[in-house]
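In: Return a 3D structure for these sequence lines:
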Amino acid sequence: MSALLSVGAVSVVFDGVTALCDVSFEVQQGELLGLIGPNGAGKTTMLKVITGVVRQTSGSVRLDGRPLDGLPTHVRIRRGLALSQQIVTPFRDMSVIDNVALAAGAAMTVSPVKALLHTRRERELNIGHQLLSRVGIAPQANESPKTQPMGTLKRLELARALALAPSLLLLDEPLAGLNSKEARLLADTITEINRGGTTIVLIEHNLGEVLRVCHRLVVLDNGEKIAEGEPAAVMNNASVRAAYLGTGAAAATTGPAGDQHAAA
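Out: Have a look, this model is predicted:
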């Protein structure tokens, strides 16, 4: 595998407060990587650096070998990024299928002339129907997002991100707000999407599902990378256990029972 995303020595300082400190990691082509850490670890800031919402104080971000530094978010999206956000905000006055079709036609809105010349929607609607089937909500295609439960809206958000045909899909807590069954089923869908060839970075607090589906983990704590590697080895790392459980709890929790607690 080759690195699709390279984050090199990224630091972010807000008004004298260090949000990220010299963080480096790579995401390999075809990988499903979990970017995890306790609240306030710097995960969201890192995601915002990758998407261009926040500009790093130092360091660099490269996608498929090309630097993203200084580029606005919309240009990064056209380079191959897509983001499924934690807080789902579909266009509620449009149908589920129209939400996805709109995203599928994003390239047609690059210029007013191209938008005016593109008057037929068959291609975008076909893509929309395919993606709704892929994420498991095809029966809701013609319904309004206003009437959909959270589980369906999470899958709609995923379909909208996939409609951009990204080379790298960033998922920001897609399982948040779901019950255990819904979370497991959506994690299975994410795994299937990855197996279909989409490289994924997953930010998620549901460690049970993270450990089940991710190939590799990068762990942040207080803005620093404290561990990286295969899930089982990472969760046995003393620094990771301390970050999640507290130093005293990590020291007192050993053996198989401790491993289960750390991954809960």
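In: pLDDT of the strand or helix carrying A103, averaged?
Out: Secondary structure assignment for A103, by DSSP states H and E: helix 96-104. Taken as a whole, helix 96-104 has an average pLDDT of 94.
In: where along the stretch 1-150 of the chain do the helices fall?
Out: In the stretch 1-150 of the chain, helices defined by DSSP state H, counting those that start in this stretch lie at 43-51, 73-79, 96-104, 112-117, 122-135, 150-162, listed in chain order.
In: Return the member of the ones you listed having the minimum mean pLDDT.
Out: The minimum mean pLDDT among the helices of the stretch 1-150 of the chain belongs to helix 112-117 (a mean of 46).
In: ok, back up a step: so which of the helices of the stretch 1-150 of the chain gets nearest Q85?
Out: Across those, Q85 has its closest neighbour in helix 150-162 (6.5 Å, Cβ to Cβ). C-beta: built from backbone N, CA, C; applies to glycine.
In: Residues contacting the closest one, please?
Out: Contacting residues not belonging to helix 150-162 are listed as 82-85, 88, 90, 96, 99-100, 103, 128, 131-132, 134-137, 140, 145, 148, 169, 171, 174-175, 177-178, 182, 186, 189-190, 193, 198 [Cβ atoms under 8 Å, 6 or more residues apart in numbering].
In: Report the buried members of the residues you listed.
Out: For these, burial is judged from neighbour counts taken by 16 or more other Cβ atoms under 10 Å, and it is met by 82-84, 88, 90, 96, 99-100, 103, 128, 131-132, 134-137, 140, 145, 148, 169, 171, 174-175, 178, 182, 186, 189-190, 193, 198.
In: rewinding a little: what's the closest of the helices of the stretch 1-150 of the chain to L5?
Out: With distances scored as Cβ to Cβ, the stretch of the helices of the stretch 1-150 of the chain nearest to L5 is helix 43-51 (7.2 Å).
In: now the stretch 101-250 of the chain, which segments are flagged as low pLDDT?
Out: For the stretch 101-250 of the chain, residues meeting the criterion pLDDT under 70 lie at 107-120, 247-250.
In: By residue count, tell me the biggest helix in the protein.
Out: For the chain, the longest helix by residue count, based on DSSP state H, is helix 180-195.
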